[in-house]
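Colleague: Next one to model:
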Amino acid sequence: MQIWLEVVVRTLVSIAVLFLLTKLLGKRQISQLSLFEYITGITIGDLAAYISVNHQEQWYIGVTALVVWVLVSLGIEFLQIKSKKARNVIDNSSTVLIKGGKILEDNLKKEKLTNEELLEQLRKKNIFKAAEVEFAVIEPSGEINVLLKKEYQPITPSHLGIKVAPEPETQAVILDGKIMDEPLSTIGLNRAWLHTELEKLGVTVENVFVGQVDGTGQLYVDLYDDKISVPEPQEKAALLANLKKCEADLEMYALSTEEAEPKQLYTNCSEQLQQIIKDVKPLLAR
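Modeller: Model (predicted):
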C-alpha cells in the first residue's frame, strides 16, 4: 500500500476510534476539565496523530496506548464518584478568595493568583468593588464564582414577595425559510395562525431566517435581508394601554358623578382593574 493511502486509512481509523473513546468519556466544556482531564485530552490527541502519520510503526500500538489512556481516565472518574478523598486529591477542593468583602491573601497565594487577576475576574462579572462581595470561590476548574452582599444583589420578584408564573419555553417555528410543524404543535398553534401573524408583519415564510414564538404566543422574526427591519409586535403593549385607559375612564366617571351608588361602583371597578393591571403588567410590559 502506498504511504499516502496508508496515512488516509490510519487517519480514518484513528478518527473513528477517537470518536468512540471520547463518547465514553462524556461531555465537558474546556473550562470544566480537571487538570488530569486536560492532560488526558492533549495526550489522546497526540496519540491519534501518532496513529495517523507514523506509518513505520504498527497501527495497533497507538490504538493500544489510546485505549489505556481512556481506561485510566474512566477509572479515575469512577474513583472520584465513589470517594470524596480521591476527588480532593485529584481535583483539589474549592477555595474561598473573598469572605464578607475581605480578600483572603493567604488563599490567593495558595491558588497562585495575584490581586490584579482577582479584580479582573470580578470585573468580568460586572463587579468593580471587592467590598460588595459576600463570597468569592475559585472552583477546581479554575472558574471564580461570586455571591454579592444582599444589599448589592439585583431586585427580583421574590425580594418583593411577588409570585410569577413559570416562563414557557420559546419555540423556533421557522428555520431557513421552512416552517417547523413540531414546535408549532407543541405550543398549540398551527400554520394558519403562523401565516396570519406573518401577514401582519408584511413578510413571507421564505424571507424568514429565524422565527420564534415566546411563551405568550408572540411571534418574532429575523429576515435574511439585514437591511430590512421588522417592527416589534405591539399587541401586548396595546392591550396594556387599553387596560390603563379603561381604568382611567372608570376613575374619571367616579369623580364626575355626585350619586353615591354609581360613584362607589365606578370606584370599586377602578380598584379591581388597577389590581388586574398590576398582575398582568410583568407579562405585557416585556
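Colleague: Mind jotting down where the strands sit in the stretch 51-200 of the chain?
Modeller: Using DSSP state E, counting those that start in this stretch, the strands found in the stretch 51-200 of the chain span residues 95-99, 102-103, 133-138, 144-148, 171-175, 178-179.
Colleague: Ok, which of those comes nearest Ile277?
Modeller: strand 171-175 (28.1 Å; CB to CB). Placement of C-beta: from N, CA and C, glycine included.
Colleague: Can you list the strands that the closest one pairs with?
Modeller: strand 178-179 (antiparallel), strand 208-213 (antiparallel) (DSSP bridges).
Colleague: if we can go back for a sec, Serialize the strands of the stretch 51-200 of the chain to TSV and add fields for mean neighbour count.
Modeller: What follows is these, written out as TSV (neighbours: other CB atoms under 10 Å):
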stretch	mean neighbour count
strand 95-99	18
strand 102-103	13
strand 133-138	19
strand 144-148	16
strand 171-175	19
strand 178-179	14
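Colleague: Tell me how far the nearest residue to Leu47 once chain neighbours are set aside lies from Ile76.
Modeller: In this structure, Leu47 finds its nearest non-sequential neighbour in Leu66, 4.7 Å apart by CB to CB, 6 or more residues apart in numbering. Separation of Leu66 from Ile76 (CB to CB, to the nearest Å): 16 Å.
Colleague: Quick check on those two: which one has the bigger neighbour count.
Modeller: More neighbours surround Leu66 than the other of Leu66 and Ile76, with 21 against 17 (other CB atoms under 10 Å).
Colleague: Give the burial count for the residue nearest to Asp225 when sequence neighbours are not counted, as a bare number.
Modeller: Excluding the flanking residues, the one nearest Asp225 by CB to CB, 6+ apart is Asn207, at 7.1 Å. Using other CB under 10 Å, Asn207 has 16 other residues around it.
Colleague: how near is Asn207 to Tyr220?
Modeller: 14 Å.
Colleague: mind giving me the domain ranges of the chain?
Modeller: 3-89, 95-152, 171-231, 236-284 (automatic domain parsing).
Colleague: for the residue nearest to Leu223 when sequence neighbours are not counted, what are its contacts?
Modeller: Using CB to CB, 6+ apart and skipping the chain neighbours, the partner closest in space to Leu223 is Asn207 (5.3 Å). Asn207 sits next to 177, 223-225 when contact means CB atoms under 8 Å, 6 or more residues apart in numbering.
Colleague: Columns secondary structure on top of those residues, output as CSV?
Modeller: Listed next are the contacts of Asn207 as CSV, based on DSSP: H, G, I helix; E, B strand; the rest coil:
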residue, secondary structure
Gly177, coil
Leu223, strand
Tyr224, coil
Asp225, coil
